[in-house]
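Asker: Mind looking at a prediction? Sequence and model below.
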Amino acid sequence: MEKRTVADIMEKSFVTAAPDTSVFDLIDMMVEHNVAVIPIVRDDGALAGIVTEADLVYKKVKPHMAHYSSLLGENVYYNGMNEYEKGYQKKMACNAKELMTTDVVVASPKATVEQIAGIMVSEHLKLIPVIDNNRLVGLVTRRHILNELYKEYNG
């Protein structure tokens, strides 16, 4: 049996938003379309980033202040001010560009299902955008992988 690829199982119909989409519109889109992730795409169809439910829920949470110790009168941060700054930026974000995650793991439609499943497990990912010729062409979720396993065992 030939190995199935990402192109065989990916979602080809999905909701996207532009970088200037407001946070309120993103919330509406997620609720209306019952999705947990919205890819953010530029005018040319290239992936700019993703906004997740967690990103939007974070707006209701106070950013966690970094842990620190006082050493010789100076504060030494061991949880990193960078994490606090990221949290504060998400809290204050008004649009997708300010809220989105830009460091996104992506896949090729030619990748095998086994490869994508391995990446999802090792990186603790729920969704991976599929890129072909620098354009977003699909999405693969854990549910797609489970459906593929189901077909293998029951097919």
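Answerer: Looks like it arrived, so ask away.
Asker: Only C-alpha atoms from now on, for both contacts and neighbour counts.
Answerer: OK.
Asker: Counting neighbours, what do you get for residue 54?
Answerer: 10 (other Cα atoms under 10 Å).
Asker: May I have the residues that are in contact with it?
Answerer: For residue 54, the contact set (Cα atoms under 8 Å, 6 or more residues apart in numbering) is empty.
Asker: What pLDDT is listed against it?
Answerer: Note for residue 54: predicted pLDDT of 88.
Asker: now swap in residue 154 and tell me
Answerer: Per-residue pLDDT puts residue 154 at 87.
Asker: For the host helix or strand of residue 24, C-alpha coordinates in CSV please.
Answerer: Element membership of residue 24, judged by DSSP states H and E, is helix 23-33. The C-alpha trace of helix 23-33 is given here as CSV (Å, rounded to 0.1, in the frame of the first residue of the first chain):
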residue,chain,number,x,y,z
VAL,A,23,-9.7,40.8,17.5
PHE,A,24,-13.5,41.1,17.8
ASP,A,25,-13.9,39.8,14.2
LEU,A,26,-11.5,36.9,15.0
ILE,A,27,-13.6,35.9,17.9
ASP,A,28,-16.8,36.1,15.8
MET,A,29,-15.1,34.0,13.1
MET,A,30,-14.0,31.3,15.5
VAL,A,31,-17.4,31.0,17.1
GLU,A,32,-19.4,31.2,13.9
HIS,A,33,-17.3,28.6,12.1
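Asker: Thanks a lot, see you next time.
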